[in-house]
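Chemist: sequence below, structure please.
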Amino acid sequence: MSFALICTEGAFDVDLADTLLWRGEVERHVVHSAEEGVAAARAWRPDMVVIDRDLAQAARLITEIRRDPKTRRISLIVVARADFGPVEIELLEAGANAILRLPASAEWDDRLARLIAVPGRREVRLPVHFELETQTGSGVQAAVATVLNLSVNGILIETDRELRLGDDLDLRFNLPESGATVSGCGHIVRHAGRHRYGVEFYGLEADGPELVRNYVDRLETPSASSSQL
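Modeler: Numbering: from 1, shown residues only. Here you go, the predicted structure:
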């Protein structure tokens, strides 16, 4: 059974009643403030923390969970009742894994199933070549970055290029040891510090997903200091 910590000043039982979160295979506990959320995350180590976008000090809650080595690998999901707001960029930059927007749609369960536990990842330094279409109308440009950690769902990269949340990238990198080439697409889902960006895969080609999964699975459990995507 999975354990979800729900952080909201109101209630989500009606909004989320038809989602994976409100079924028998998920145990839930609800708190009503950021302070309670930090304490509960440290005490119970849930698989997922679900955070109301409008919760007071939501960014502080996310930052505190990410800062603590004991809780930094917890999956953090923001639920938004309204249209996009600038605060969502702050929450993603603080370390939220994803933002899900109400009303809950059919795709929620698939996303929640992938997010209910952050997948294994390993620190690894390797070059990655990427292309992106510039916003200035000058076409597609190629660049190089360094992968700082790798998981089945994405990579954390460091690059001199200024990237923005939502930018789409065409990626290509070689895995250590086997030298196998992985190619595909991803988009920027998190600004993780100066020139560091979390990239979520959404289209690895051929046997790319299997190659990445096998590589990550062969390595030992990541250290507590590993960065988050």
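
Chemist: domains of this structure?
Modeler: Using automatic domain parsing, the domain parsing of the chain gives 2-115, 122-218.

Chemist: can you lay out the ones you listed as a markdown table showing mean pLDDT?
Modeler: Shown next, in a markdown table, are the domains of the chain (pLDDT from 0 to 100):
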| stretch | mean pLDDT |
| --- | --- |
| domain 2-115 | 89 |
| domain 122-218 | 85 |
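
Chemist: measure the residue nearest in space to the middle of the chain to residue 11 for me?
Modeler: Nearest to the mean C-alpha position of the chain, by CA atoms, centre = their mean, lies residue 97 at 2.9 Å. Distance from residue 97 to residue 11, counting by CB to CB, to the nearest Å: 23 Å. Every residue, glycine included, has its C-beta placed from N, CA and C.

Chemist: for residue 196, same thing?
Modeler: 36 Å.

Chemist: and those two? Which one has more around it.
Modeler: Neighbour comparison, residue 196 and residue 11: the larger count goes to residue 196, with 17 against 12 (by other CB atoms under 10 Å).

Chemist: how about the contacts made by the residue nearest to the more buried one when sequence neighbours are not counted?
Modeler: Of all residues not flanking residue 196 in the chain, residue 158 sits nearest, at 5.1 Å (CB to CB, 6 or more residues apart in numbering). Taking CB atoms under 8 Å, 6 or more residues apart in numbering as the criterion, residue 158 is in contact with 145-146, 148, 195-197.

Chemist: and which of those is nearest residue 77?
Modeler: Closest approach to residue 77 among the contacts of residue 158 (CB to CB): residue 197, at 19.7 Å.

Chemist: wait, is that closest one part of a helix?
Modeler: No - assessed with DSSP: H, G, I helix; E, B strand; the rest coil, residue 197 is strand; it does not lie in a helix.

Chemist: how much space between it and residue 11?
Modeler: From residue 197 to residue 11 the distance is 35 Å (CB to CB).

Chemist: likewise for residue 131?
Modeler: Distance of residue 131 to residue 11, given as CB to CB: 45 Å.

Chemist: ditto for residue 25
Modeler: Distance from residue 25 to residue 11, by CB to CB: 21 Å.

Chemist: before we move on, what about residue 125?
Modeler: Where residue 11 is concerned, residue 125 sits at a distance of 45 Å (CB to CB).

Chemist: and residue 50, by the same measure?
Modeler: 12 Å.

Chemist: neighbours around residue 130, how many?
Modeler: For residue 130, using other CB under 10 Å, the count is 23.

Chemist: you'd agree it is in a strand?
Modeler: Yes - when three-state DSSP is applied, residue 130 is found to be in a strand.

Chemist: having no further points to raise, I will conclude here.
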